[in-house]
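In: what would the 3D arrangement of this be:
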Amino acid sequence: MKRDLVEQVVDDITKAIIDAEYQEGEALPPEGGLASRLNVSRLTAREAVRILKDRGILEVVQGRGTFVAPRAQWNDLSTLVACALHDSSPRDVGLRLTELRRMIEVGAAGLAARNRSEADLAALASHIAAMEAADEADDVSRHIEEDLAFHRRILLASANPFIPVVMSPLEKALHESRVVTASHPEVRKRAQNHHRTILDALRIRDEEVAKDAMRAHMTQTRLDLVQNTDS
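Out: Modelled structure (predicted):
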């Protein structure tokens with residue numbers, strides 16, 4: 001049984017659920033029927049169902065079958081993000097992400113001020129310079145990539161290995177929420193200014209100043225979303 005085939009089947013079933021081909025509480029076809037529909041072996045279908053059960057997306061009721069679990073039971077962040085992107089507007093997803101980012105990244109900035117290395121500072125400065133160059137060239141896509149890279153580096157600089165792992169599944173949603181706001185030159189300029197302030201705080205190893213700077217950045221990010229996206 002090939003692992004990549006199992007993951008493909010997991011993705012196919014997940015997409016069918018997100019696209020509402022299978023509604024919450026609805027039964028999936030029996031194992032044989034599911035395998036036939038997906039053109040895979042019963043063993044592959046069984047393993048895919050097991051993975052989705054572990055993620056809280058499916059629940060197996062003995063003697064009755066396999067059902068789509070209530071979304072409140074889902075525990076896989078990537079799937080929840082995919083659902084949010086499918087069901088909600090970029091504005092709504094962006095605002096919810098900003099709430100989460102405020103909770104995580106403010107603390108991460110404080111840890112980064114304490115634990116950052118000279119290599120971290122150099123990388124962060126490089127990302128800001130690349131953002132500025134992209135802004136001058138009106139290269140929105142590059143600006144977004146460097147913006148996201150700046151924030152990833154702060155998570156790494158926190159020296160807490162769990163923080164980047166928590167944030168990693170949000171990358172696609174973060175990118176999509178940036179596409180709308182980063183098309184405005186004034187939003188890009190503000191982001192660069194906030195990033196410089198954060199970097200300055202990291203340079204002097206002031207945890208509280210770093211947290212305040214990131215908090216201000218998240219506040220501005222929320223405001224940019226409200227002002228530049230449709231409700």
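In: okay, the residue nearest the centre of the chain and Leu85: tell me how far apart.
Out: Centroid-nearest residue in the chain: Leu170, 0.4 Å away (criterion: CA atoms, centre = their mean). Counting by CB to CB, to the nearest Å, the gap from Leu170 to Leu85 is 11 Å. Every C-beta, even on glycine, is put in place using the N, C-alpha and C of the backbone.
In: show me what the helix or strand hosting Ala123 is packed against.
Out: Using DSSP states H and E, Ala123 maps to helix 118-136. Helices and strands touching helix 118-136, by 3 or more CB pairs under 8 Å, 6 or more residues apart in numbering; DSSP states H and E, are helix 140-157, helix 185-203.
In: in the helix or strand following the shortest one, what's buried?
Out: Which is helix 140-157. Later in the chain than helix 140-157, the nearest helix or strand by DSSP H and E is helix 162-167. For helix 162-167, the neighbour count (16 or more other CB atoms under 10 Å) marks Ile163, Met167 as buried.
In: quick revisit: you'd agree the residue nearest to the centre of the chain is up against Leu77?
Out: Yes. Using CB atoms under 8 Å, Leu170 is in contact with Leu77, at 7.4 Å.
In: circling back: who's in contact with the helix holding Ala123?
Out: Helix 118-136 is contacted from outside by 112, 140, 142-143, 146-147, 149-150, 153-154, 156-157, 185, 188-189, 191-192, 195-196, 199, 202-203, using CB atoms under 8 Å, 6 or more residues apart in numbering.
In: quick check: angle from that helix to helix 140-157?
Out: Angle of helix 118-136 versus helix 140-157, following axes from the mean of the first three to the mean of the last three CA atoms, to 10 degrees, is 160 degrees.
In: and helix 118-136, average pLDDT?
Out: For helix 118-136, the mean per-residue pLDDT is 98.
In: so where's this structure shaky on pLDDT?
Out: Where the chain drops to pLDDT under 70, the residues are 1-3, 231.
In: off-centre distance for stretch 213-231?
Out: 17 Å (CA atoms, centre = their mean, to the nearest Å).
In: kindly report the same for stretch 119-137.
Out: Using CA atoms, centre = their mean, the offset of stretch 119-137 from its chain centre is 22 Å.
In: now it: buried residues?
Out: Those would be Asp120, Leu121, Ala123, Leu124, His127, Ile128, Ala130, Met131, Glu132, Ala134, Asp135, for stretch 119-137 by 16+ other CB under 10 Å.
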